[in-house]
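# mind folding the following:
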Amino acid sequence: MGITTIKSLCKYLAENSGFSSLTVRNVISSLGYRLSGTKNNFKELSGVFMDCSKHGADSGFCGFSNSCETIKFFKKHRQDIVSHMEQTAAELGSDIISLVQG
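Numbering: from 1, shown residues only. This next block holds a predicted model:
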């Protein structure tokens, strides 16, 4: 069975992204979607994630468009985000500062 709902997408991302379930759920919520969303919501959210992966922050995303929203989200999930950045940097043979600068 594939990923066909927002709830199953959330579970998949939490298991495979290195982020906690709480952070994944809050990203989805900040983007304006609910775990109990419809199939159309799932398709829309999948498109948002595709845009994010292709264009990064340049696309601007609901809940993450202004610095006030971004700072609030970071403060709430700082430990999870920094841990993920450390892991990513280590996998690339780098440190966090170089990763962010690059």
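# for the residue nearest to the spatial centre of the chain, what are its contacts?
In the chain, the centroid-proximal residue (CA atoms, centre = their mean) is V27; its distance is 5.3 Å. Applying CB atoms under 8 Å, 6 or more residues apart in numbering, we find V27 in contact with F19, F73. Glycine gets a C-beta too; all of them are placed from N, C-alpha and C.
# what's the end-to-end length of stretch 82-99?
12 Å (CA to CA, to the nearest Å).
# and that stretch, how far from the chain's centre?
Distance, stretch centre to chain centre, for stretch 82-99: 17 Å (CA atoms, centre = their mean, to the nearest Å).
# for stretch 50-59, same thing?
Worked out by CA atoms, centre = their mean, stretch 50-59 lies 11 Å from the chain centre.
# and stretch 76-95, by the same measure?
14 Å.
# just the helices in this protein please.
6-16, 21-30, 39-55, 67-91, 96-101 (DSSP state H).
# and F61, which of those helices is closest to it?
Minimum separation from F61 across those (CB to CB) falls at helix 39-55, 6.5 Å.
# what is the closest one packed up against?
If you count contacts as 3 or more CB pairs under 8 Å, 6 or more residues apart in numbering; DSSP states H and E, helix 39-55 packs onto helix 6-16.
# who touches the helix it packs on?
Contacts with helix 6-16, where a contact means CB under 8 Å, 6+ apart, come from 3, 19-21, 24-25, 28, 33-37, 41-42, 45-46.
# and stretch 88-102, by the same measure?
G18, V82, M85, E86.
# need the max-distance pair from the residues you listed.
Distance extremes for the contacts of stretch 88-102: the farthest pair is G18 and V82 at 11.7 Å, using CB to CB.
# so for the two, which sits in the more crowded spot?
G18 (15 against 12; other CB atoms under 10 Å).
# for that one, which residues are in contact?
S83, H84, Q87, T88 are the contacts of G18 under CB under 8 Å, 6+ apart.
# distance of it from N40?
Noted for G18: a distance of 29 Å to N40, by CB to CB, to the nearest Å.
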